[in-house]
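give me the fold of what follows.
(2 chains, ligands or ions: 4)
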Amino acid sequence: MTNNYTNRPIDQIIAEFKDVKGGLLPALHAIDDEYRAIPQEALVKLSQVLNIPVAQVYGVATFYAKFAVGQRGRNIIRFCESAPCHIAGAAKLIADMEDQLGIKVGETTLDGKFTLEFCQCVGMCQSAPVFTINQQPYYNVLTDEIPEILARF
Amino acid sequence: MDMVTAIIDGCGVEVAKGTTILEAAKTVGIKIPTLCYHPDQFIKANCRVCVVEVEGVQLLQAACATAVNEGMVVKTNTSAVRDARKTILELILAHHPQDCLHCIRNQKCELQTLASEYNIRDIRFDQVDRGLALDLTSPSIHRDPNKCIKCGRCIEVCERVQTVAVYSKYDRGFDVGVAPALNLGLGDVACINCGQCVLACPVGAIYENDQHDQVWDAINDPEKHVVCQMAPAIRVALAEEFGLNSGELQMGKIVAALRQIGFDKVMHTNFTADLTIIEEGNELLQRINNGGKLPMITSCSPGWIKFCEHNFPDFLENLSTCKSPQQMFGALVKTYYAEKSGIDPAKIYSVSFMPCTAKKYECARPEMNSSGYQDVDAVLTTRELARMIRESGIDIVNIAPEEFDAPMGIYTGAAVIFGATGGVMEAALRTVYEVATGDTLNDINFTAVRGMEGIKEATVNLAGTEVKVAVAHTTGNARKLLEAIRAGEKFYHFIEVMACPGGCIGGGGQPIGTINEKRQFRIDAIYEEDLGLPMRKSHENPAITQIYEEFLKTPLGHKSHELLHTHYTKRSLYPFSKEQL
Ligand code: SF4
Ligand code: SF4
Ligand code: SF4
Ligand code: FES
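Ligands and ions are numbered 1, 2, ... in the order given. Below is the predicted model:
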């Protein structure tokens, strides 16, 4: 199973917004839809194509909470950081996941495959602790099941 | 003009419609504190320290952003106003390092001044350490983002005046910061090192790369022969650092102070400014007569050069190949001067005092070593010079004046006006006219190219050719001019560009508090100095005649090309390497 993103080339996405008045925000959304992040490279390209100083593009992109500026991995692992998961032992599972991936929360693996993040409650508290990989939730996971799950990506 | 009347703190005022409470209060001697306000900029109204009471309005109003209405009653000095201002200052200071004693802006900081005026003794809020990294990537400008109060003044000057647009606010709410794109260092973006953001910043968040300690080290080294040059824009502004009006400090007193500091030879960039005119004037005539690339554009302003390299790479051939006077001086000190005085150039340490932060970058450009050594070893700004004078305990106001060392200290009025926008153009015209026509000019004052107008134009008849010239200061105006030329809307033979508003007198290395009003005072002082000099045309400088006889032989000759001319580099607007992305 892989993620649902097609990862259309950034140039192609941005080109659609050339000459579009007020095209910056829609372009950021379009990039985010494909990449679930705004790669820094995209900011520079947006600046060139839309003829807006790169500093301003950066300012706008960082202003909105929805956009995460910077390269994230191809697959995003998000651990719920709400109380029920916490009580159900999420901290231990997170630490195990960090060990297996060799990164901390907020970081991306060197091969660009995984990024580890926190998220808010995903509404599956009955099966805590919960994490998601891309859109798919995983619950009641035990430490020794982690390698098998990661191997699917 | 429509006028309105109002009452501020019981005083009646009558001001033009649209005048802000802040400006109206000033006319009756009432001072309202400000931080984000800057007299040469748009209203930002984000700091709120200027709040006042307006009768009939419930909330306190920002005086910088509120226009006076007919019949308005304003109170600027109630306890509610004072309390609000104190709270605002405390909130800012809670996010600000309490570092005044070691801060480069100590005693020249708008935040510190207000903290003192409002008697802030303790801060009721928890102190937050933002823990942001210093940006030391640029050879010219350093930043301490922890001291930033997010006023936006640097953003505006860089974006609107210079059209370089290095900075923006990033993130939101509490986490807002001000930084170059992608939080890169100033050395990694298309910053032109002009230092206008340093002058715009109310606090110590942006400052020059202070190298005056390196110069002390050279002076203390008995092996080193330490020489210095000083730009024409220094004298008029240095006065302000010592409580005098612009231009009130005599040149000879600065010379005496530099000798006391310990410089072995004190010389003047004006000498090579005159030399620049000879080389550049001949280059212009050659381009006009031989179908060379026109317009020719001056090349003395390293901020402008870097701007052109990043933004107008298609104009690099239009740039005069002449080095800036600073770099000509540097190349000659370690060749001509070394030869003449029998000193090993390896032992010479060459210091340049400049109104300019971009010249710190310029002297470190890899091609600036035609003498076989780095031609200029250190560039210090007017502010750093003032620091050295203070540190030495010299009473510059009362010191007995002395003369510059010959021959590289002899200069004309044409060199002096290099410091003001239009000055290089005027100096060039004085010489080019006489060289091209063989006539003597009746009136050597080309007033059409003087003054703070953003773009100035003139036409001069040179032996039958109508030569069209233009002068632009700030890179924003240069951009306008070059875009018009690119589009084929304008044609000129010769253009002068200075990166800083007002020219070098308004440079990013000048005293803190450089605003346009001050720039005008300095310009006036520069032309007054020119008027009072016995020689006012570069080609009449006997030391220039001498250096051609003894050393350079002929303008644009072999030696000149080797030492006085240079080449330029195309640079991307997005100088980020792939690895950094
Ligand atoms: S920026 Fe101003 S208030 Fe802040 S430490 Fe420096 S002098 Fe003090
Ligand atoms: S030095 Fe000039 S170009 Fe660089 S950030 Fe400051 S204002 Fe902008
Ligand atoms: S760096 Fe200085 S000028 Fe720029 S926003 Fe911060 S305090 Fe204002
Ligand atoms: S000076 Fe008025 S809001 Fe900052």
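
gap between the two ends of stretch A:78-89?
In stretch A:78-89, first residue to last residue: 15 Å (CA to CA, to the nearest Å).

separation between the closest residue to residue B:357 other than its chain neighbours and residue B:79?
Leaving aside its sequence neighbours, residue B:357 sits nearest to residue B:195 (CB to CB, 6 or more residues apart in numbering or on different chains; 3.3 Å). Using the backbone N, CA and C atoms, a C-beta is placed for each residue, glycine as well. According to CB to CB, to the nearest Å, residue B:195 stands 41 Å off from residue B:79.

name the element residue B:284 belongs to?
Counting by DSSP states H and E, the element that carries residue B:284 is helix B:269-289.

CA atoms only: put that helix into CSV for me.
Below are the C-alpha coordinates for helix B:269-289, written out as CSV (Å, rounded to 0.1, in the frame of the first residue of the first chain):
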residue,chain,number,x,y,z
THR,B,269,39.9,58.2,-1.4
ASN,B,270,39.2,61.5,-3.1
PHE,B,271,42.6,61.1,-4.8
THR,B,272,41.3,58.0,-6.6
ALA,B,273,37.9,59.6,-7.1
ASP,B,274,39.7,62.2,-9.2
LEU,B,275,41.6,59.3,-10.9
THR,B,276,38.2,57.5,-11.5
ILE,B,277,37.0,60.6,-13.3
ILE,B,278,40.0,60.5,-15.7
GLU,B,279,39.7,56.8,-16.4
GLU,B,280,35.9,56.8,-16.6
GLY,B,281,35.7,60.0,-18.6
ASN,B,282,38.1,58.6,-21.2
GLU,B,283,36.2,55.3,-21.2
LEU,B,284,33.0,57.2,-21.9
LEU,B,285,34.5,59.2,-24.8
GLN,B,286,36.0,56.0,-26.2
ARG,B,287,32.6,54.3,-26.1
ILE,B,288,30.8,57.3,-27.7
ASN,B,289,33.4,57.7,-30.4
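
pLDDT on the next helix or strand after that helix, on average?
Under the assignment DSSP H and E, the closest C-terminal helix or strand after helix B:269-289 is strand B:296-297. Mean pLDDT, strand B:296-297: 98.

show me what strand B:296-297 is packed against.
helix B:269-289, strand B:494-498 (3 or more CB pairs under 8 Å, 6 or more residues apart in numbering or on different chains; DSSP states H and E).

so which of these is the most surrounded?
strand B:494-498 (a mean of 29; mean count of other CB atoms under 10 Å in any protein chain shown).

what's in contact with the helix or strand following that one?
Of the helices and strands lying after strand B:494-498 in sequence (DSSP H and E), the nearest is helix B:516-531. With contact meaning CB atoms under 8 Å, 6 or more residues apart in numbering or on different chains, helix B:516-531 is reached by B:39-40, B:232-233, B:235-237, B:240, B:245-247, B:413-414, B:416-417, B:419-421, B:423, B:450-452, B:501-503, B:505-506, B:536.

can you list the low-confidence ranges for chain B?
When residues are selected by pLDDT under 70, those of chain B lie in B:575-581.

re earlier: tilt between the helix holding residue B:284 and strand B:494-498?
Between helix B:269-289 and strand B:494-498, the angle comes out at 150 degrees (axes from the mean of the first three to the mean of the last three CA atoms, to 10 degrees).

and helix B:269-289, what does it pack onto?
Helix B:269-289 packs on strand B:225-230, helix B:232-241, strand B:296-297, helix B:325-332, helix B:413-416, helix B:423-437, helix B:542-547, going by 3+ CB pairs under 8 Å, 6+ apart.

for ligand 1, find the nearest of these.
helix B:232-241 (16.7 Å; CB to the nearest ligand atom).

elements contacting the closest one?
helix B:251-261, helix B:269-289, helix B:382-391, helix B:516-531.

tell me what angle that helix forms with helix B:382-391.
Calculated by the same axes, to 10 degrees, helix B:232-241 forms an angle of 50 degrees with helix B:382-391.

quick one: closest of the helices and strands packed on helix B:269-289 to ligand 4.
helix B:232-241 (23.4 Å).

about what we covered before: how about the helices and strands packed on strand B:296-297 in TSV, adding distance to residue B:332?
Shown next, in TSV, are these (distance: least, CB to CB, whole Å):
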stretch	distance to residue B:332
helix B:269-289	7
strand B:494-498	23
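
what's the separation between the closest residue to residue B:359 other than its chain neighbours and ligand 4?
Of all residues not flanking residue B:359 in the chain, residue B:379 sits nearest, at 4.6 Å (CB to CB, 6+ apart). Distance check for residue B:379 against ligand 4: by CB to the nearest ligand atom, to the nearest Å, it reads 34 Å.

ok, and what's touching the helix or strand hosting residue B:379?
Assessed by DSSP H and E, residue B:379 sits inside strand B:378-381. For strand B:378-381, contacts defined as CB under 8 Å, 6+ apart pick out B:195, B:208, B:211-212, B:214-215, B:218, B:326, B:349-357, B:359-360, B:362-363, B:388, B:507-510.

now, of these, which are buried?
Buried members of the contacts of strand B:378-381, scored by 16 or more other CB atoms under 10 Å in any protein chain shown, are B:195, B:208, B:211-212, B:215, B:218, B:326, B:349-357, B:359-360, B:362-363, B:388, B:507-510.

and the closest residue to ligand 2 within chain A, how close does it get to residue A:61?
Going by CB to the nearest ligand atom, ligand 2 is nearest to residue A:55 of chain A, at 9.5 Å. Residue A:55 sits at a distance of 11 Å from residue A:61 (criterion: CB to CB).

and for chain A, the residue most distant from the center?
residue A:19 (28.9 Å; CA atoms, centre = their mean).

and the closest residue to residue A:46 other than its chain neighbours, how many neighbours?
Using CB to CB, 6+ apart and skipping residues adjacent in sequence, the residue nearest residue A:46 is residue A:57, 4.9 Å away. Residue A:57: 26 surrounding residues under other CB atoms under 10 Å in any protein chain shown.

can you read off the pLDDT for residue A:57?
In this prediction residue A:57 is given a pLDDT of 94.

name the helix or strand for residue B:14, please.
strand B:11-16.

parallel or antiparallel, list what pairs with that strand.
Strand B:11-16 has the following sheet partners, assigned by DSSP bridges: strand B:3-8 (antiparallel).

can you list contacts of the partner strand?
B:12-17, B:19, B:21, B:24-25, B:28, B:30, B:68-76.

from those, list the buried ones, please.
So, of the contacts of strand B:3-8, B:13, B:15, B:19, B:21, B:24, B:25, B:30, B:68, B:72, B:74, B:76 end up buried under the neighbour-count rule (16+ other CB under 10 Å).

of those, which belong to strands?
B:13, B:15, B:72, B:74 (DSSP state E).

can you pick out the most distant pair from those residues?
B:15 and B:74 (11.7 Å; CB to CB).

residues touching the residue lying closest to residue B:465 once chain neighbours are set aside, list them.
The spatially closest residue to residue B:465, leaving aside those adjacent along the chain, is residue B:288, at 6.6 Å (CB to CB, 6+ apart). For residue B:288, the contact set (CB under 8 Å, 6+ apart) comprises B:294, B:462, B:465, B:467, B:493.

show me what the fourth one is bridged to.
With beta bridges defined as DSSP bridges, residue B:467 has these partners: residue B:460.

the strands in chain A, which residues?
Using DSSP E, strands in chain A cover A:75-80, A:114-119, A:130-133, A:136-139.

now those strands in a markdown table, with distance to residue B:49 and mean pLDDT?
Formatted as a markdown table, these follow (distance: least, CB to CB, whole Å; pLDDT from 0 to 100):
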| stretch | distance to residue B:49 | mean pLDDT |
| --- | --- | --- |
| strand A:75-80 | 42 | 87 |
| strand A:114-119 | 37 | 85 |
| strand A:130-133 | 46 | 91 |
| strand A:136-139 | 50 | 89 |
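
so for residue B:183, which of the ones you listed sits nearest?
Closest approach to residue B:183 among the strands of chain A (CB to CB): strand A:114-119, 18.9 Å.
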